[in-house]
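Asks: here is my input; please provide its structure:
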Amino acid sequence: MWVNLISFYIAWWSVLYFAKIESNLLLILISIIYFFIHYFVYLKKLDSIKKELRFILSVAMLGIIGDLFFHWQHIFILKKNYFLWLFLIWPIFTSTLNYSLKKIWNFHWSILSIMGLVGGPISYIGASKFELIDYTLNYKTLILHGLFWVLLLLLIKYFRRIDEEN
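Replies: Just a heads-up that it's a prediction; the model follows:
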């Protein structure tokens, strides 16, 4: 759990930094190193690598599609060529959901909803502080992003339950 959490934060901040300085090679390299560590540490503990990969890709795609929708609707604007950053940060985040963030899935749906309403928009504000996105900070954007994250967290909880039953 701690390896996942620490390596996630190192990868998260590194990817943000390398996106900001437009070093695509380092962005990709950090992501590869992160996933190598992730799978090296947790590979022995996984019942099915396919199951983990399916989970990461499914949730990451939902997040990427949501973010691209918000970008195309001008709720936030990805600056320069930060699409690579977007496509790398989601799988990195998603890889924490079954490990360092595992305990949140036992929370009641109402607690997950509050976490989404608050935590979701904060992540976009952070990306705007790194100047990766132009984020219009108003009630509309905060509510839309909060609701997106509520829906995303509840869907993840549902996906995890289905995976556990199979």
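
Asks: can you give me the neighbour number for the nearest residue to H71 once chain neighbours are set aside?
Replies: Excluding its sequence neighbours, the residue lying closest to H71 (C-beta to C-beta, 6 or more residues apart in numbering) is L78, at 5.3 Å. Glycine gets a C-beta too; all of them are placed from N, C-alpha and C. By other C-beta atoms under 10 Å, the residues close to L78 number 18.

Asks: try L112
Replies: L112: 21 neighbours (other C-beta under 10 Å).

Asks: and K20, by the same measure?
Replies: K20 is flanked by 16 other residues according to other C-beta under 10 Å.

Asks: go ahead and confirm it touches F130.
Replies: Yes - between K20 and F130 there is a contact at 5.3 Å, judged by C-beta atoms under 8 Å.

Asks: from the chain's centroid, how far away is the top helix by length along the chain?
Replies: Ranked by residue count and defined by DSSP state H, the top helix of the chain is helix 139-165. Computed by C-alpha atoms, centre = their mean, to the nearest Å, the chain-centroid distance of helix 139-165 equals 12 Å.

Asks: avg pLDDT for it?
Replies: What helix 139-165 shows for mean pLDDT is 88.

Asks: what's near enough to touch the residue nearest to H71?
Replies: L78 makes contact with H71, L86, L132, I133, according to C-beta atoms under 8 Å, 6 or more residues apart in numbering.

Asks: quick one, phi/psi of it?
Replies: With angles defined as degrees, to the nearest 10, L78 sits at phi -70, psi 130.

Asks: swap in L137?
Replies: Reported as degrees, to the nearest 10, the phi and psi values for L137 are phi -90, psi 100.

Asks: how near is it to G119?
Replies: Computed with C-beta to C-beta, to the nearest Å, the distance linking L137 and G119 is 16 Å.

Asks: with S110 instead?
Replies: Distance from S110 to G119, by C-beta to C-beta: 14 Å.

Asks: neighbour-wise, which of these two wins?
Replies: Each of S110 and G119 has its neighbours counted (other C-beta under 10 Å); G119 has more, 14 against 8.

Asks: excluding chain neighbours, what is closest to the more buried one?
Replies: Nearest residue to G119, sequence neighbours excluded (C-beta to C-beta, 6+ apart): W149, at 6.7 Å.

Asks: what sits against that neighbour?
Replies: Neighbouring residues of W149 by C-beta under 8 Å, 6+ apart: M115, G116, L117, G119, G120, P121.

Asks: out of those residues, which is nearest to L27?
Replies: Nearest to L27 out of the contacts of W149 is G120 (C-beta to C-beta; 22.8 Å).
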